[in-house]
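Trainee: The sequence and its predicted three-dimensional model are supplied below.
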Amino acid sequence: MVLRRPLPLWHRSPVADALDQLIVRHGAARVHAVLAPMVSPDRLARIDQVLAARLGSLTVITEDTYDPHNAAAAVRTAEALGLCEFHAVEPTYHFSLPKGITRGCHRWLELHRWGDAAACTAALRARGFVVMATLPAAAATLDTLAVDRPVALMFGNEHAGLSPAAIAACDGAVTIPMYGFTESFNLSVSVALAISKLADRRRAHLGRPGDLEPDQVAHLRARWAALRIKGVIGVVERLLAEAR
């Protein structure tokens with residue numbers, strides 16, 4: 001079961017929905033062209049820099065994370081390492097994001113919520129991802145896991161780890177090596193270690209920093225340029241009308 005609507009964005013407002021509809025209706029390039037004069041050159045350059053390194057072929061899935069601080073830290077880590085999306089499976093616990101910890105990073109990620117692991121993994125598998133559970137005892141490591149295709153890593157909660165149902169929904173398992181007496185890493189630390197390693201390996205395999213399609217880049221460029229403009233829907237509609 002998928003919660004709310006298929007692949008919903010968290011913290012999404014009616015303005016965000018209207019903005020995406022506007023971009024689709026008028027074209028990303030046209031919307032960006034009317035917004036660009038309202039955004040500083042440094043900001044526009046930063047948007048392009050980030051987009052050039054965005055990875056759509058690596059993603060994170062968490063299951064039943066109940067500590068909101070860990071949840072927020074994991075999302076921040078995923079965004080900082082250049083991921084495009086983040087998936088939360090929440091059969092029991094609602095995955096919440098304290099805004100003071102996310103520091104707005106949720107605006108730059110596609111954040112998806114799912115009621116069960118099977119639905120989440122099936123959707124990702126249909127898009128070409130191989131879905132790997134992170135487990136203490138697995139044959140594959142972050143160094144040996146194949147990165148010649150899109151990869152989704154699933155992480156369990158802070159105490160129980162991944163459920164049997166979640167493990168069964170994955171294609172295999174990978175371990176994060178540990179060499180001390182401690183038995184497990186904090187969730188956000190696990191995400192940071194795993195995604196940092198796999199993102200580097202995936203980029204090396206691709207031979208470039210990012211892998212978004214041109215239409216994805218164009219849409220996100222227009223969306224991100226609009227984020228800090230007050231009353232952006234009215235502004236865009238007025239500017240587009242004046243440009244006719």
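Mentor: Looks like it arrived, so ask away.
Trainee: buried sites along the longest helix that the chain contains?
Mentor: Longest helix in the chain by number of residues, with DSSP state H as the criterion: helix 187-206. Going by neighbour count (16 or more other CB atoms under 10 Å), the buried part of helix 187-206 is 187-188, 190-195, 197-199, 201-203. Using the backbone N, CA and C atoms, a C-beta is placed for each residue, glycine as well.
Trainee: Tell me which residues are up against that helix.
Mentor: 55, 57-58, 60, 62, 65, 67, 70-71, 73-74, 76-78, 81-83, 134, 142-143, 145, 147-148, 151, 153, 155, 157-158, 174, 176, 184-185, 209-210 (CB atoms under 8 Å, 6 or more residues apart in numbering).
Trainee: among these, which are in helices?
Mentor: N70, A71, A73, A74, R76, T77, A78.
Trainee: For this structure, give me the ranges with low pLDDT.
Mentor: 1-14, 93-94, 96-106, 243-244 (pLDDT under 70).
Trainee: dump the residue contacts of the nearest residue to G128 once chain neighbours are set aside.
Mentor: Spatially, and ignoring its direct neighbours in sequence, G128 is nearest to P150 (5.2 Å; CB to CB, 6 or more residues apart in numbering). Applying CB under 8 Å, 6+ apart, one finds that P150 lies in contact with G56, S57, L58, T59, R127, G128, F129, V130.
Trainee: R25 and V15: what is the separation?
Mentor: 15 Å (CB to CB, to the nearest Å).
Trainee: With A123 instead?
Mentor: If you go by CB to CB, the gap between A123 and V15 works out to 27 Å.
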